[in-house]
Structures are given as structure tokens and as C-alpha cells.
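Visitor: mind looking at a prediction? Sequence and model below.
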Amino acid sequence: MGATSRQKRQGTPVDNRPGIWVGYGKLVKLFRHRAGLTQEGLAEAVGYSLELVASIEQGRRPAKSAFTEKAELVLDAHGALAALQDDVDLAKLPLFFQDFALIEAEAISRMCYEPLLIPGLLQTEEYARALFSAHCPPLSEEMIDQNIEARLSRQKLLTRTPMVETCFIIGETALKSMAGSIEVVRGQLQHLLKQGEMRNIEIQIMPSDRGFHPGLNGPVVLMETAEHRQAGYIESQGVGLVITDPAQVSGFALRYGKLRTQALNAEDSAQLIERVAGDT
């Protein structure tokens, strides 16, 4: 029986704080003491609340990059805190998703098919909040905020240098799903059109009337790293699986190629998105 199971059986509180948050917090506390500052003094110097500084030092809440940038200057941390920021951000993601996120961060190309929802990399903050707010079982407001921040942080992949070549095939159903208010959906569709204008982003819509196609088996992501390592990823009901077996990844790529031929091209897809946005 593992330690967590024993803790539950014995009624001992389970510590769910990610280790990297705890380590980061201990460093902040160490540098703060060296700088001769109280928690109140640090909070005032970086422009954050005392409660937030205390939570970060205790590893109960993750530091945002803005906090780290200010703390680096105030505490003269010489880059020690900044070096941990990516790992702090990674720990905001669900455990099942973290292996995928590490590969995604190194990708030079990324292709996905999503039949029912707008892909996370293309979501607006309002659309993402509507999705997380509808989670079952319900999430706390703090967890909703953390999930949104982590999702938006991943979107840096689309604008980084060197560019990542991306293709998003999205089911027509996703365009018409009322995730949140009409204003949220309309804003999301307008955001899709804007993102589709970027040189490294291609958005294709799979019409609902296409009949049978390989995407009916479910969503899929395909990635390739700078070392030409290829991987696939599938996810359903909060369970994700990274696929690295070459034969399986090759099968995904074959099916994805057929999806691209059956979906609308980028120009026709943009026109369909505009029509749906106008009707929303």
C-alpha cells in the first residue's frame, strides 16, 4: 500500500502540494530572509497581497511569471527563481497531461483533430472559463483560475521563435456548441478567424454532413520534435495517453492525412466560421 493510501486509511491529511511549488516557496523564503524582509515587506515590494506571498512560500499556490520577475529583482535571486518558472507552470497542469505538455513544448510541428470543442491552444480566456466552470465534479474557483492560466500559458507555443507549424481540424459541431453566453461563443469564433491569419496556423473545419471519416474514432494530436521524434496523444474523460510506438503513430498520421482531405480547406473554413459567428 502506497503512502497516500496509508494516509487516507489512517485519516492523515494528504499533502497534494506539487513538490516544485514547495521548493520554489522555500527559495523565496530563503532569499527573503537574506534580504532582511518580512512577508509584509516582500508583499509591499512586489505589489502582491500578504496572503498570496504566504501561500507561495508555503507551496499552496503557484507563482505567476509576473511575481517571479518582480521577486527576482527585489530579492536579488540571480535567476534562481526564474529558472524554476517553467516547472512551476507545468505543475499547474493535471498529472495525466504533463508528459504530453513536455513533448508539446519541444514540438516543431503539431496537428490535431477536435470534433466537439475548440482546441485549448485556440481558446479565449472566456471560453476556457466557461468550460472549466462546467466541469463535473465542480472545481474550486482557485482551481479554475489555475487551469485557465496554465491553458493560456501553453498558447505561447503558437507565437514562439522558431515557429511551430500547426494544423487544427475542428468539427463543425464545436463551432455551434454554446459554451457560455452568446457573447463568449461569438468572441471565440472571432478569435479563431484572427488566429487563422497567422502564417504558422491552419484551421480546417470538418462539416457535420461528411458522413463516415476516421475522426469519428475521437480526437487526436500528432507532434514532431526538433530531433524528429514523433508522438501521438489521445484523451477522453480526463484520461490522457501519450503514444510513441512508431507503428501506432504512423497509423494516426495516415488517418490524419485522410481527415485533411475530407475537411474544408482553410479559406472555405474561414467563410464557414464567419457565417456561424454571424448567426450566433
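Guide: Great, that's in hand.
Visitor: now do the most centrally placed residue in the chain against Ala266, distance only.
Guide: Closest to where the C-alpha atoms of the chain average out (CA atoms, centre = their mean) is Arg151, at 2.9 Å. Per CB to CB, to the nearest Å, Arg151 is found 24 Å from Ala266. Yep, even glycine has a C-beta here, placed from its N, CA and C like the rest.
Visitor: was I right to think the residue nearest to the centre of the chain contacts Ala128?
Guide: Yes - judged on CB atoms under 8 Å, Arg151 makes contact with Ala128 at a distance of 5.3 Å.
Visitor: overlap of the contact sets of these two?
Guide: Gly120 (CB atoms under 8 Å, 6 or more residues apart in numbering).
Visitor: burial measure for Ser236, as a count.
Guide: Neighbour count for Ser236, taken as other CB atoms under 10 Å: 9.
Visitor: how about the contacts made by it?
Guide: Listed by CB under 8 Å, 6+ apart, the contact partners of Ser236 are 218-219.
Visitor: nearest residue to Glu165 other than its sequence neighbours?
Guide: Sequence neighbours aside, Ser109 is the residue nearest to Glu165 in space, at 4.4 Å (criterion: CB to CB, 6 or more residues apart in numbering).
Visitor: surely the one you found is in contact with Pro162?
Guide: No - Ser109 is not in contact with Pro162 according to CB under 8 Å; the separation is 11.1 Å.
Visitor: compare the two (neighbour count), which wins?
Guide: Ser109 (15 against 8).
Visitor: wait, a strand at the more buried one?
Guide: Yes - assessed with DSSP: H, G, I helix; E, B strand; the rest coil, Ser109 lies in a strand.
Visitor: low-scoring stretches of this structure, by residue?
Guide: Applying pLDDT under 70 to the chain picks out residues 1-14.
Visitor: burial check on Gln237, number of neighbours?
Guide: Using other CB under 10 Å, Gln237 is surrounded by 5 other residues.
Visitor: hmm, I was thinking of Ser133
Guide: 14.
Visitor: now it: how far from Lys258?
Guide: Distance of Ser133 to Lys258, computed by CB to CB: 36 Å.
Visitor: quick check: closest non-adjacent residue to Ala101.
Guide: Leu93 is the one closest to Ala101 (CB to CB, 6+ apart), at 5.5 Å.
Visitor: and the one you found, what are its phi and psi?
Guide: Reported as degrees, to the nearest 10, the phi and psi values for Leu93 are phi -80, psi 150.
Visitor: quick check, it in contact with Asp99.
Guide: No - contact criterion CB under 8 Å: Leu93 and Asp99 do not qualify, at 9.9 Å.
Visitor: looking at those two, which one has more neighbours?
Guide: Leu93 (19 against 16).
Visitor: no further queries at this time; thank you.
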